[in-house]
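**Student:** Pasted the sequence and its predicted model underneath.
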Amino acid sequence: MQHTLAVVVEDKPGVLARVSAMFSNRGFNIHSLAVGPTHEDGRSRITLVVDAPELEQFKKQLHKLVNVIKVQELEPSEALESEVMIVRVACEPPNRGEVGDTAALFGARMIDLAPKSITFEVSGTPAHLASFTDQMRPYGIIELVKSGRIAVKKLSDLSPSLVGGAR
Amino acid sequence: MLQSLEHEGVELIFGVPGGAILPAYDPLLDSPIRHILARHEQGAGHMAEGYAMATGRVGVAMATSGPGATNLITPLQNAKMDSTPLVAITGQVTRGAIGSDAFQEAYTTGLAMHCTKHSYLVTEADDIPAIVHEAFHLASTGRPGPVLVDLPKDVLTQTTNWVEPDLRGLPGYRPTSYGHPKQIKAAIDMIERAERPVLYVGGGVIRSGASAELLQFAETVNAPVVTTLMARGAFPDSHRLSLGMPGMHGTFVATTAIQKCDVLVALGARFDDRVTGNVAAFAPHAKVIHVDVDPAEIGKVRNAEVPIVGDARKVIASLLERVKALRDASDFPWRKEWFDQLEAWKSSHPLKYAQEEDGPVKTQYFIERLHSITNGDAVVTAGVGQHQMWASQFWGFSEPGTWINSGGLGTMGFAVPAAIGAKAARPDRLVYALDGDGCFQMTFQELITASTERIPVKVAVFNNGGYGMVKQWQNLFYGGRISASDLGTEVPDYPKLAEAMGCVGMRVDHPEEVDVVIEKSLAVDDRPVVVEVVVDPDEMCFPMVPAGGSNDDVVMGPEDL
Ligand SMILES: Cc1ncc(C[n+]2csc(CCOP(=O)(O)OP(=O)(O)O)c2C)c(N)n1
Ligand SMILES: [Mg+2]
């Protein structure tokens, strides 16, 4: 089962190693990882998507790490999640219009245009990126790279698409 | 660095020097801190643990980089498993050389990551006072444990001004010490209504110094007490409420009382597999109240109806207050039926062994005689194996801090160095290591340390010619195929070995001589003593719940299998 964990840590050397080692110790695969500063000085937030069974006990043990300040599990239904993806699509001039139109629907931004390919940058929910990928697949995906997922807890009951998740 | 250690009140360091840590050894010559030169860093680490377990204070071990640090790994993990407060100071190659496979380089903080509570790589001498202060704070508060401080050689040679440290750097570390009042109330409600309660006492009661509170609490609520291997001494064995040790080699009454109880009050205990046997079959009728300072212990193995996060001593004190506020101690339910039942189990299934007058000495007999001759007034340490279980079973404990053993990790070789650390900490007490021949052969060289440093410990080596506990499993579960567990009795000659290390060596191989030899060993006070006790190689340790079995099926002897 996939879980999204938001772990607020002290921004110090070795902290990421300690956190990620907790997962590898149990044989849990880290599916995605994003680390970055937060609004508070000296704090980083590590967002992990992991394949693991139930995590109640594990979260307490994670919290035992001296540099870990807060551990929060974000249920998909109550999380605002976002990823950035860069995707290079095979595309020769005759297809450019069609590919470009589809990309526009997904709010994807063209960041490179070569004779035989177009490269897009697109961000949004994992589902949004997945459907964009599906749309591009028939043309041929040459390269695809994703950032780790970041997430915050949702405070309203609007669906992400209504608040602009689909751009 | 030394000033920081002095500031923390360190009086003893156990260690071995080497290149990277040399800058810390030089000023030791001018420091009031006494350094005890171990013969192996594992020995230094276990000595520091013995010191900590005998005093409740933080033990300190020091080693050089690379092999010095890797030799410390076993004691670090041992201290982690048994929640022993320990600070390890290691030298490291110079900052610029880290990562270059420099001579005697090891990634020490990485190696220590999983066998410490926390670890530090110091990158500036300015940080030393604060880091050392944090290290001692972490080691000794909340759930105690080992903390490692790794110091590159060029950091140790930097010049800086020592400044009084304050605790500022630990925003993620806030151990809870007082139990939640609502939970305290719920616990007492549950204990009041219990017909068959058991207090299941673990090492946390010793670490938090809660023995006095426990005694008062147990008497006030009139509930029987079992003490785990790590908690032996937390409650007097001679007390009418004491049932002894539960679990794999526990007393029948302790193990069975848990199986039949309706309320199980776990106090600083962690439901270790050696206590629970098959978890699914463990204490099937019990509602559980679980008190632990470590929130991650609660619900880890067994769900708790009333979880209480807090320091055992403070929580027991609050429980006691709540009971007293509620009613007079004398009108707490007497639970006669339960106590009658427990008494019946005690007498139908006692701990037993047979010492034949002319037969080989039984380890149990020697331990009982030693207890009787010394009135039990000693600190005893143990290795790992049959002798350890017999020591726990047959030594009647009356006081915390007098039983020092390796519970969670089961580290052979613990007894001798731990005894040296304990004796160095408490020179006024008799310290007797009860060791196996196999364990003794892992760390006996530390007796050279003991001789040189004039630390007169006593060591009984129970020589059954092998790894008795391994042999027992091979006899019981591997069709008697004895593979690699025979050590033979030809070599070493223990008394000679002892003499060569500057100790007094003795041997006893007949039950009649046991008392005389014990008396002789007690009469020596200027040197360590090693008593080889030649014991029955075929004796097995019972009661026993085979690994993974249900605690309903306690095997009282070979006839039950
Ligand atoms: C370092 C280490 N290696 C191996 C073991 C496995 N082991 C457990 S008990 C034991 C035998 C101990 O022999 P001895 O000290 O003679 O004690 P006895 O059981 O004979 O009383 C062994 C090998 C261990 N616990 N620790
Ligand atoms: Mg043996």
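**Tutor:** Thanks, I have it. Ligands and ions are numbered 1, 2, ... in the order given.

**Student:** For residue 16, list the residues it contacts.
**Tutor:** In the absence of a named chain, chain A is used. Each residue near residue A:16 by CB atoms under 8 Å, 6 or more residues apart in numbering or on different chains is listed here: A:9, A:35, A:46. For every residue, glycine as well, the C-beta is placed using N, CA and C.

**Student:** my question was about chain B
**Tutor:** In this structure, residue B:16 makes contact with B:37-41, B:44, B:62-64, B:68, B:71, judged by CB under 8 Å, 6+ apart.

**Student:** With residue A:92 instead?
**Tutor:** Under the criterion of CB under 8 Å, 6+ apart, the contact list for residue A:92 reads A:115-116.

**Student:** now with 6 Å?
**Tutor:** Residues touching residue A:92, when contacts are defined by CB atoms under 6 Å, 6 or more residues apart in numbering or on different chains, comprise residue A:116.

**Student:** Following the record's annotation, map out the domains of chain A.
**Tutor:** A:2-74, A:80-150 (automatic domain parsing).

**Student:** picking that back up, make a PyMOL selection of whichever of the contacts of residue A:16 turn out to be buried.
**Tutor:** Buried members of the contacts of residue A:16 can be picked out in PyMOL with the line below, counting by 16 or more other CB atoms under 10 Å in any protein chain shown:
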select buried, chain A and resi 9+35+46
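
**Student:** Out of the contacts of residue A:16, which is nearest to ligand 2?
**Tutor:** Using CB to the ion, residue A:9 is the member of the contacts of residue A:16 that lies nearest ligand 2, at 47.2 Å.

**Student:** Strands - which of the contacts of residue B:16 land there?
**Tutor:** Restricting those to those inside strands, with DSSP state E as the criterion, leaves B:37, B:62-63.

**Student:** Just the buried subset of these, please.
**Tutor:** Among the ones in strands among the contacts of residue B:16, those classed as buried by 16+ other CB under 10 Å are B:62-63.

**Student:** Helix, strand, or coil at the residue in chain A positioned nearest to ligand 2?
**Tutor:** Scanning chain A for proximity to ligand 2 using CB to the ion identifies residue A:25 as nearest, at 33.5 Å. Reducing the assignment to helix, strand or coil with DSSP: H, G, I helix; E, B strand; the rest coil, the entry for residue A:25 is helix.

**Student:** one step back: which of the ones in strands among the contacts of residue B:16 sits closest to residue A:145?
**Tutor:** The shortest separation between residue A:145 and any of the ones in strands among the contacts of residue B:16 is 44.7 Å, and it belongs to residue B:63 (by CB to CB).

**Student:** Now do the contacts for the nearest residue to that closest one once chain neighbours are set aside.
**Tutor:** For residue B:63, the nearest residue in space outside its immediate sequence neighbours is residue B:41; the separation is 4.5 Å by CB to CB, 6 or more residues apart in numbering or on different chains. Listed by CB under 6 Å, 6+ apart, the contact set of residue B:41 reads B:16, B:63, B:68, B:71-72.

**Student:** and what of residue B:2?
**Tutor:** B:27, B:31.

**Student:** measure residue B:301 to ligand 1 for me?
**Tutor:** For residue B:301, the distance to ligand 1 equals 22 Å [CB to the nearest ligand atom, to the nearest Å].

**Student:** no no, residue B:400
**Tutor:** Residue B:400 sits at a distance of 25 Å from ligand 1 (criterion: CB to the nearest ligand atom).

**Student:** Which residues of chain A lie near chain B?
**Tutor:** Neighbours of chain B within chain A, by CB under 6 Å from any CB of the partner chain: A:57, A:60-61, A:64, A:66-69.

**Student:** Quick check: pLDDT value at residue B:327.
**Tutor:** We have a pLDDT of 68 for residue B:327.

**Student:** excluding its backbone neighbours, what's nearest the single nearest residue of the stretch 401-550 of chain B relative to chain A?
**Tutor:** Using CB to the nearest CB, the closest approach of the stretch 401-550 of chain B to chain A is made by residue B:408 at 15.8 Å. Among residues not flanking residue B:408 along the chain, residue B:81 sits closest, at 2.8 Å (CB to CB, 6+ apart).
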